[in-house]
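Enquirer: output the structure for:
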Amino acid sequence: MKITVKLFSSLMEHLPPGSSGNTIELIENSPLTPTDIMERLKVPKTEVRTMMLNGTFLPEQERRKALQDGDVLSLWPAIQGG
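Expert: Numbers count the residues shown, from 1 in each chain. Here you go, the predicted model:
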């Protein structure tokens, strides 16, 4: 199964070396959840403000459901400005 993960802004620092831009593709034989991916990339839960799956907002209670082959998971931090 192939999952594409996109990290934005300050979360990009959690991408492994050799990643292309803000994206990494994970190839796995066993099911992964968004929470599993965050743990694998060492992205603290407190740093993620918005999570989207295939372009649709993913609420907190859905983040422990298994992803499907070809899914795209996008993570954004809280954005500050002024």
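
Enquirer: so for stretch 5-12, mean pLDDT?
Expert: Mean per-residue pLDDT for stretch 5-12: 95.

Enquirer: give me the contact list for that stretch.
Expert: 14-15, 22-26, 37, 41, 43, 47-48, 72-77, 79 (CB atoms under 8 Å, 6 or more residues apart in numbering). Backbone N, C-alpha and C define where each C-beta goes, glycine included.

Enquirer: got a PyMOL select line for the buried ones in these?
Expert: Listed next is the PyMOL selection for buried residues among the contacts of stretch 5-12, using 16 or more other CB atoms under 10 Å:
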select buried, resi 14+15+24+26+37+41+43+47+48+73+74+75+76+77
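
Enquirer: which members of the contacts of stretch 5-12 are positioned in strands?
Expert: 23-26, 48, 72-77 (DSSP state E).

Enquirer: quick check, nearest of the residues you listed to Glu62?
Expert: Nearest to Glu62 among the ones in strands among the contacts of stretch 5-12: Leu73, at 11.4 Å, using CB to CB.

Enquirer: okay, that closest one: pLDDT?
Expert: 98.

Enquirer: equivalent analysis for Ile79, please.
Expert: pLDDT for Ile79: 76.

Enquirer: can you tell me the closest non-neighbouring residue to it?
Expert: Distances taken as CB to CB, 6 or more residues apart in numbering place Ser9 nearest to Ile79, at 6.9 Å, with adjacent residues excluded.

Enquirer: Gln68 too?
Expert: The nearest residue in space to Gln68 (CB to CB, 6+ apart) is Met1, at 7.4 Å.

Enquirer: list the contacts of that neighbour.
Expert: Counting by CB under 8 Å, 6+ apart, Met1 has contacts 27-29, 31-32, 67-69.
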